[in-house]
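Q: Sharing a sequence plus its predicted fold:
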Amino acid sequence: MRGRDFISIADLTPDELRAVLATASRLKSEGYPNVLAGQTLALLFEKPSLRTRVSFDVAMQRLGGHTVYLPQSEVGLGQREPVADVARVLSRYVHGIVARTYAHQTLLDLAESAEVPVINALSDEGHPCQALADVLTIQEKKGTLEGIRISYVGDGNNVAVSLAQAAAMAGAHFCIASPPGYRLPEDVMIASEELASRAGGSFRMVEAPKDAVRDADVVYTDTWTSMGQEDSYERRLQAFKDYQVTPELVQEAQPDAIVMHDLPAHRGEEIADEVIEGPQSVVFDQAENRLHVQAAILLMVLGKAAE
Ligand code: CP
Ligand code: NVA
């Protein structure tokens, strides 16, 4: 991965996916080496963030490097100046760019013009760093990813896209329940089906949450209204009203199933308070793993001895 962009889970080979998880586990248990001393990472964010921003910032510092946080109000990406110019200027100052954008095309344009690696910190079409932390958490809790039944209930959004791709690549059985009009994009479904069958897993799409969750090892949900979709909040509340992860729904899963959410969560919307606060919830372990995975990504993309 050294020197390469990381825009999508599809940019990784199955071996690279396993290597990132192994590196993250090693960093988590053995500590962080001081190998990125003298390196600087730009954190270019068009949207708000807690986990992604702080975990990249802290991971970079623990590895010996520095970050510069660049919110949209300062940079005016595509407004104060063209995306390509921002990419070319930053490439003269920093060793890598972590970018969170609305349009996925903005990320692609940044990557096209930058001379340093660009890492997707979430776009409207994917959240690959989140998905790596998610599969690391599942591997830790379940001992493996192969054959694990992962159910996602809700919007076929950026988080669902990257999770479907990572689960498929890792040989898990992935099933998503979404209402009509909010399903995963067609190309993601086709690619995930192919990837899963090659890795010994499977991919399914259903409408009823119970059909997805029955006998699952993992129950996952995310917000019904992603950043940038605020105008359709009321319409979405209506469309997803039967998709809340409730205690009754979780009972359909395996008794030892874990409940996951990338956060921020909206209690009483996509997830019931008793579920996110309940004994099966692993959301804060999952949030912690964002840190170890970001560090692994940085080592592999920026590190001198990276794979
Ligand atoms: N899960 C996640 O990406 O959170 P932030 O939006 O706070 O970074
Ligand atoms: N789907 C959510 C994820 C937030 C981390 C969003 O894009 O707002």
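A: Everything's here; your move. Numbers count the residues shown, from 1 in each chain. Ligands and ions are numbered 1, 2, ... in the order given.

Q: Need the three-state assignment for Met205.
A: The local conformation at Met205, judged by DSSP: H, G, I helix; E, B strand; the rest coil, is strand.

Q: Same check on the one 5 residues further on?
A: Assigned by three-state DSSP, the conformation of Lys210 is helix.

Q: okay but it is in contact with Val250, surely?
A: No - counting by CB atoms under 8 Å, Lys210 does not reach Val250; the two are 10.9 Å apart. In short, each C-beta sits where N, CA and C put it, glycine included.

Q: Give me the more crowded residue out of the two.
A: Val250 (23 against 16; other CB atoms under 10 Å).

Q: what sits against that one?
A: Val213, Val219, Ala257, Val259, Val275, Gly278, Gln280 (CB atoms under 8 Å, 6 or more residues apart in numbering).

Q: mind checking the backbone torsions on the last one?
A: With angles defined as degrees, to the nearest 10, Gln280 shows backbone torsions of phi -90, psi -10.

Q: Check the second one too.
A: The main-chain torsion angles of Val219 are listed as degrees, to the nearest 10 and equal phi -120, psi 120.

Q: Tell me which residue is most central in this structure.
A: Centroid-nearest residue in the chain: Gln130, 2.2 Å away (criterion: CA atoms, centre = their mean).

Q: need the contact list for Glu46.
A: Per CB under 8 Å, 6+ apart, neighbours of Glu46: Gln72, Leu77, Ala99, Arg100, Thr101, Tyr102, Thr106.

Q: Spatially nearest residue to Gln254 (excluding sequence neighbours)?
A: Nearest residue to Gln254 in three dimensions, chain neighbours excluded: Asp217, at 5.5 Å (CB to CB, 6 or more residues apart in numbering).

Q: ditto for Ser232
A: Thr225 (6.9 Å).

Q: Could you measure from the one you found over to Phe240?
A: 9 Å (CB to CB, to the nearest Å).

Q: Check Gly228 too.
A: Gly228 is 17 Å from Phe240, where distance means CB to CB.

Q: how long is stretch 164-183 end to end?
A: 12 Å (CA to CA, to the nearest Å).

Q: List the buried residues of that stretch.
A: 164-179, 182-183 (16 or more other CB atoms under 10 Å).

Q: can you tell me which of the residues you listed are in helices?
A: Ala164, Gln165, Ala166, Ala167, Ala168, Met169 (DSSP state H).

Q: can you tell me which two in the residues you listed are farthest apart?
A: Ala164 and Met169 (9.6 Å; CB to CB).

Q: Next, count neighbours for the residue of the stretch 51-200 of the chain found nearest ligand 1.
A: Of all residues in the stretch 51-200 of the chain, Thr52 sits closest to ligand 1, at 3.2 Å by CB to the nearest ligand atom. Look at Thr52: counted by other CB under 10 Å, it has 23 neighbours.

Q: Was I right to think it contacts Pro128?
A: No - using CB under 8 Å, Thr52 makes no contact with Pro128, being 11.2 Å away.

Q: So for Gly228 and Phe240, which residue has more residues nearby?
A: Shown here are Gly228 and Phe240; by other CB under 10 Å, Phe240 has more neighbours (22 against 13).

Q: Touching, that one and Glu270? I think so.
A: Yes - judged on CB under 8 Å, Phe240 makes contact with Glu270 at a distance of 7.0 Å.
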